[in-house]
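Colleague: What follows is a protein structure lacking sequence information:
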Ligand code: HPA
């Protein structure tokens, strides 16, 4: 089964026919909300709003371990994360959709692993390619079928938030090789890998990153909402196709 973790701008899937909601308790505490099970075009799918259904949980307070554990406990194999980002690369203008292929992690102080030595000994995971390539390709194919333009690859920088970055921090991220910046990509991707879930992300550019383009003088947060709303209808088209491809 495919799971969709919705971020800012995607707290529900209107095309989904909801069949049940399930509150899952995990050894790591409470997920962001009940899992919403349903069907899109006769395929089963489960949805979880990362920031809670009322958008009340900031990026650094999301219980990533509980969210991933809850999905893992429900026969989920594939997880697609939808997340908003700031565009660092010049062509990543607001409204652009990207399927990233790499991550740089700048987060700190988050519960970031299931492998605490006291519980499971010393365990490492391979994270060379942080996203599941099979699922990435399926996202790209779904976008093609939906007729929605997406950029096939890019380096996602995960920052701590909740504040946005300084212009100098964005310059540093770019020197590091980052092309977009968001606050929720980690530890989510690594936790998914730890439990063997196939994980990919669809990133929606909400704004030019701090100090760039229309954000040269500051990020205009009041404009972000409208950009995300318009872009999320495209993302929903892609997700509909993706669900139809799941299991093929
Ligand atoms: N920075 C970090 N996270 C974000 C941004 C940004 O500019 N836009 C949307 N999420």
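Modeller: Now that the structure is in, tell me what you want to look at. All figures in this text were calculated on a predicted structure; none of them were measured in a lab.

Colleague: Next up, the contacts around residue 45.
Modeller: Going by CB atoms under 8 Å, 6 or more residues apart in numbering, residue 45 touches 1, 2, 3, 4, 13, 16, 37, 38, 39, 243, 246. Placement of C-beta: from N, CA and C, glycine included.

Colleague: same thing but 7 Å
Modeller: Residue 45 makes contacts with 1, 2, 4, 16, 38, 39, 243, as judged by CB atoms under 7 Å, 6 or more residues apart in numbering.

Colleague: roughly how far apart are the first one and residue 243?
Modeller: When distances are taken as CB to CB, to the nearest Å, residue 1 and residue 243 turn out to be 10 Å apart.

Colleague: Give me the more crowded residue out of those two.
Modeller: residue 243 (24 against 17; other CB atoms under 10 Å).

Colleague: Which residues are in contact with that one?
Modeller: Here residue 243 is in contact with 2, 40, 41, 43, 45 (CB under 7 Å, 6+ apart).

Colleague: cutoff 10 Å now
Modeller: Residues near residue 243 by CB atoms under 10 Å, 6 or more residues apart in numbering: 1-2, 4, 13, 15-16, 39-45, 80, 142.

Colleague: Assumed it was part of a helix.
Modeller: Yes. Looking at residue 243 with DSSP: H, G, I helix; E, B strand; the rest coil, it is inside a helix.

Colleague: Strands along this protein, start to end?
Modeller: Secondary structure of the chain by DSSP state E: the strands cover 2-6, 17-22, 35-40, 43-49, 78-87, 97-98, 102-105, 155-158, 180-182, 198-208.

Colleague: What residues does the protein have near the ligand?
Modeller: Counting by CB under 6 Å from any ligand atom, the positions of the chain adjacent to the ligand are 84-86, 159, 164-165, 181-183, 206-207, 209, 219.

Colleague: what's the pLDDT at the closest residue to residue 30 other than its chain neighbours?
Modeller: Spatial nearest neighbour of residue 30, chain neighbours left out: residue 66 (5.7 Å); criterion: CB to CB, 6 or more residues apart in numbering. pLDDT for residue 66: 98.

Colleague: Fine by me, we can end here.
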